[in-house]
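Peer 1: Predicted coordinates and the sequence they were generated for:
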Amino acid sequence: MATQDVAPRRESPKTSFFNDPKVRGLLYQVIVIAALVVFVAFIWQNTLANLAKQNKTTGFDFLWDTSGFDVLFSLIPYDRSSYYYQALLVGLLNTGLVAVIGIVLATMLGFFVGVARLSNNWLVARLATIYIELFRNIPLLLQLFFWYFAVLKSMPGVKQSYAFFEAAFLNQRGFYVPAPLPSENFWIVVLSVVIAIGAVFYLRRRARIHLEATGNRMPVVLPAIGILIVLPALAWLLSGATLDWDLPQLKGFNYQGGLTLPPEFLALVFGLTIYTSAFIAEVVRAGINSVSHGQTEAAQSLGLKDGDRLRLVIIPQAMRVIIPPLTSQYLNLTKNSSLAAFIGFPELVSVFMGTTLNQTGRAIEVVAITMLIYLTLSLGTSAFMNWYNERVRLVER
Amino acid sequence: MAKMQQSYVRQEMVQDLPPPPASSGFVGWARRSLFSSISNSILTIVAALFVVWAGYHLFHFFILDAVFVAEDGSACKLKPGACWAFIWDRMDFFIYGFFPKDPYWASTDIFFVSAFMEYWRINVLFVIGLALLVPLLIPSVPGKLINALLFFIPFPILVIVLLNGGWFGLELVPTEKWGGLTVTLIIGLVGIVASLPIGIVLALGRQSKLPAIKTLCVVFIEIWRAVPLITVLFMASVMLPLFVPENMTIDKLLRALIGVALFNSAYMAEVVRGGLQALPRGQYEAASALGLNYWKSMGFIILPQALKHVIPGIVNTFIALFKDTSLVAIVGIFDLLRTVQNAAGNDLNWGAPTTSVTGYIFAAAMFWVFCFSMSRYSMFMERRLETGHKR
Amino acid sequence: MSKRIVTIAVGAALAFTVQAAQADTLEDVKEKGYVQCGVTEGVPGFSNPDENNEWSGIEADYCMALAAAIFDDTSAVRYRPLTSTERFTALSSGEVDVLARTTTWTMSRDTQLGINFTGTYYYDGQGFMVRAADGITSALELSGAAVCIESGTTTELNAADYFETNGMDYNPVVFVQQDEVVKAYQDGRCDVYTTDSSAIAAERSKFADPSEHIILPEIISKEPLGPSVRQGDDTWLNINRWTLFAMINAEELGVTSENVDEMLGSDNPSIKRLLGVEGDFGTPMGLDKDWAYRIIKAVGNYGESYDRHIGPDTAIGLERGLNALWTKGGILYAPPIR
């Protein structure tokens, strides 16, 4: 019976049309897509109807309208007669600035704490653990409020500022540092510094190739210092370029001149750095733990000192494990910088989704633009990190 | 044969000599782990000085200079330490928000009920929630499936019914009166209850062989993961109302909940995907060899294993979600942090310089206790799972 | 099985949170049994919750007056605190029936956001508060000052205009939440706190020592604060408009919550019309004949509400000024009921 059944089935599959996996798959997809289309159409319809009913104007033309508001901190020239797209740019640049500074600081602090947590020193390891468990488990927003409001309160007023050599001042209004005022041909000096740094890198590479080829060390440090000093000095003397400093001075309410880092910025960078570094420390610890103990022993048997062992043997291998989660921490930091809206630092969300959305009432456009920017930032970073990850992976055999 | 009695070899083990005093006991420990080298010793001393300095100040702030009992803020103005009396006085507000205080049943003659305030509804939920959650978390307690089903389906419904009221003679409490820790926990609960199933579906979709479904899931997941929660909340607050038909409005809290749930489902999807990918191919093949169709093989073979693997990941996502609940303040919902801030800023009775710092410390401690215990739990599960799968 | 339970759960969740807001707001309100009123997150004197979430202030009074006119029950109001960001969306999407949230009536808001302002319950203007210790006497001395502002308000634009016009620099410190703005000013982050002068007075009243802060004499803008409703529902617009007018007319005619019952027997035809003794002005709006009587009986006239919450005898202590009746040197002028 059974064999009789099997034989004809092989020749002409009698599975019903409906049970064919391919057909079914196609059907599922058609259903899902149809449902999606209906859903989107429904939302679209509703939105149009709502907008029409509310008599709201739509479109992106508002970007070229005068904004009419000022911002606290901007990397590009901006005032109330600037356009909304410039406000967007101000926010974007501020987000970028906070993200870059935050990432650099959090990485340094995170590596430090992560290594400290694995330290042989009991007390240091315990302190690092407390640091990590404390800052990781408290909402970032709460920490930002704490740094901003509690620390701001304890800062001195303008008239009682902490002064550093009468050049930099710290008070409730921020951190005032001298601003460089380069003369017009100062770019020559900058260029010479860049060239000098390039030359030093070239020298180092040469030295390493030489070392690997012959086993002899080439002197690097002294020539490098020489290049770094002599080249810019020559350029400076020959070009006659000057660099003046614009010192902050107390005028009226506040210090004028120089560069001002507002407390909102300081609190934001501080909070983001501390919060993210706790996570990075854990990432680093996991990475270091993933390197087998044999590597440590091998390094010890080669006679490497503690620091060198970590720097030359362990960390380079741990990096492969560290980088993917590190990337997501960087992205988190960038996204978390949006909490600045709560403490008044004008980054993307606060300038654009806060003020601009309010003044123009263009909810859909503003939200769409903001989300698109974050999407681009995020996808760009992960693309770059994937590329880097591939490069690191190639070293592996 | 006369045996020579030779005693070159001992017949019994000699007692071990005690280790040199400098390498055992506290001294030895201190030598090894605190003063093993000069640089290490310097580090220890610096760290110890820091601990003493910080400990001294914290002890003063938290205990010596703190005000524990006071009628209003005037006592706190006199002392530089924490103003615990403020926390104690406004505790109701921090936990229950604006939930009605006046006993609804006081007008009826059932005197024992009038002793309760409407708070009993929240208290009952706390108790039921704990009763369901604790056995769910302890691996050795049986009946996980039933327990999980109870926690994920009837319990949230009960939460809504009891809190909202309006039925069975319960006083109606609109969502704008909800606040404090209650709201924080509700957002957390709804976030996890909604985001886990959505996340599983998305993860399965991302693994799917059907290109359209796969693309959709990938796009959905990546978009949500790329944007900050705060923009999602803004969107839920200003755009969602435009999406629904003209004559409908969605409650503000529900809108925030939808935003939080969608946002976290994307993260949950990635966690679940990790579990799916970690399963050996053999499991998939075995499932098809048994002739199970897609849903059966997923439901009976793949998901139970994959989900068990990623419990730590799920808990970690939940920790992140729980911390993120504090952001709902941006759309005007009074969560724990917002109630604390509001009380510290607007309560004229308690206007003292230390109130707001004390408030922040209190809120931080609450969040910390929840998050830290969850992270410990996640580590515990991680260790347990690790041993379970070692060969 | 479990799927069905999920469906029911979702249904249950939606059932009470999603509510139909009909095009006819009055019908909708009557059906719901309460007026959903969009208010501030807490500005004393305007709309401010106490410990038990009981709201008070002239905006809360306005909402109660609406409820009194419709239901004869001042408790038939639900207050929804709104941030400045979400207030217009909340109104236009139907989440609230009326917005009484210290909102300035401006042309762009009136014409571009799908809402209509129905009147002005407080004529305000933007002012500045500084610390007395700074020795400032005029806003023209504020060059270089750090200014604390709430984001997305007309205040933010006015400040930019003012400093620009007078050729002064300033540092705007902008927060999304009102609480943070005030806190930052108190903590010394800013030299100046600027917003509508009534709100400044209200915030100042909350300070530990109000006398350490002074309000500068300059008023730099016109800020007529009024309630607003959705466009396209003229009945509801009329009810809102005339609720306010009834309160103002009552003050002008000397009808108060205390003497309103005596006034029912008044010979003055204007009072008779106001209280519904003569003619029926309520029915055409979909209300009862005694709609205004109920308002005055429950909430009082405009002057009573003013004196109760923001007048000179309160902690906020605002003189009537512009907000006095036109007969008393102010600009409050309500069209007659006839």
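Peer 2: Happy to help now that I have it. Numbering: from 1, shown residues only, chains lettered A, B, ... in the order given.

Peer 1: Buried residues of stretch A:200-216, list them for me.
Peer 2: Within stretch A:200-216, the residues scored as buried using 16 or more other CB atoms under 10 Å in any protein chain shown are A:Val200, A:Leu203, A:Ala207. Where you see a C-beta, it was placed from the backbone N, CA and C, and this is true even at glycine.

Peer 1: In helices, which of those appear?
Peer 2: Using DSSP state H, the subset of the buried residues of stretch A:200-216 located in helices is A:Val200, A:Leu203, A:Ala207.

Peer 1: picking up where we left off before, for the buried residues of stretch A:200-216, which one is nearest chain C?
Peer 2: A:Val200 (41.3 Å; CB to the nearest CB).

Peer 1: you'd agree that closest one is up against A:Val230?
Peer 2: No. Between A:Val200 and A:Val230 there is no contact under CB atoms under 8 Å: 11.9 Å.

Peer 1: Looking at C:Arg4 now. What's its pLDDT?
Peer 2: pLDDT for C:Arg4: 40.

Peer 1: ugh, wrong one, I meant C:Asp267
Peer 2: At C:Asp267, the model reports a pLDDT of 90.

Peer 1: now it: how far from C:Val182?
Peer 2: Applying CB to CB, to the nearest Å, the value for C:Asp267 to C:Val182 is 51 Å.

Peer 1: same check, this time on B:Gly274
Peer 2: From B:Gly274 to C:Val182 the distance is 46 Å (CB to CB).

Peer 1: got it, and C:Arg78?
Peer 2: If you go by CB to CB, the gap between C:Arg78 and C:Val182 works out to 26 Å.

Peer 1: So which of these two has more stuff around it?
Peer 2: C:Val182 (25 against 20; other CB atoms under 10 Å in any protein chain shown).

Peer 1: re the thing from before, can you pull the residues that touch both of A:Val200 and A:Val230?
Peer 2: The contact sets of A:Val200 and A:Val230 do not overlap (CB atoms under 8 Å, 6 or more residues apart in numbering or on different chains).

Peer 1: mind checking pLDDT for the residue of the stretch 251-397 of chain A found nearest chain C?
Peer 2: Residue of the stretch 251-397 of chain A nearest chain C, by CB to the nearest CB: A:Asn358 (2.5 Å). A:Asn358 carries a pLDDT score of 80 in this model.

Peer 1: quick one, what contacts C:Arg131?
Peer 2: Neighbour list for C:Arg131: C:Asp191, C:Glu212, C:His213, C:Ile214 [criterion: CB under 8 Å, 6+ apart].

Peer 1: quick one, what contacts the second one?
Peer 2: By CB under 8 Å, 6+ apart, the contact list for C:Glu212 reads C:Arg131, C:Ala132, C:Ala133.

Peer 1: on that earlier part again, redo the contacts of C:Arg131 as a markdown table? Include pLDDT and secondary structure.
Peer 2: Below are the contacts of C:Arg131 laid out as a markdown table (pLDDT from 0 to 100; DSSP: H, G, I helix; E, B strand; the rest coil):
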| residue | pLDDT | secondary structure |
| --- | --- | --- |
| C:Asp191 | 89 | coil |
| C:Glu212 | 90 | helix |
| C:His213 | 91 | strand |
| C:Ile214 | 91 | strand |
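
Peer 1: what's the neighbour count on the residue in chain C positioned nearest to chain B?
Peer 2: Relative to chain B, the nearest point of chain C is C:Ser93 (3.1 Å; CB to the nearest CB). Using other CB under 10 Å, the number of residues around C:Ser93 comes to 26.

Peer 1: For it, which non-adjacent residue is spatially closest?
Peer 2: B:Pro241 (3.1 Å; CB to CB, 6 or more residues apart in numbering or on different chains).

Peer 1: Would you mind giving the secondary structure of that neighbour?
Peer 2: helix (DSSP: H, G, I helix; E, B strand; the rest coil).

Peer 1: For it, which residues are in contact?
Peer 2: A:Asn50, B:Thr249, B:Ile250, B:Arg255, C:Thr89, C:Ala90, C:Ser92, C:Ser93, C:Gly94, C:Glu95 are the contacts of B:Pro241 under CB under 8 Å, 6+ apart.

Peer 1: contacting residues around the fourth one?
Peer 2: By that I understand B:Arg255. By CB under 8 Å, 6+ apart, B:Arg255 lies in contact with B:Ala236, B:Ser237, B:Leu240, B:Pro241, B:Val331.

Peer 1: If you rank those residues by neighbours, which is first?
Peer 2: Within the contacts of B:Arg255, neighbour counts (other CB under 10 Å) peak at B:Ser237, which reaches 26 neighbours.

Peer 1: Excluding chain neighbours, what is closest to it?
Peer 2: In this structure, B:Ser237 finds its nearest non-sequential neighbour in B:Val331, 4.3 Å apart by CB to CB, 6+ apart.
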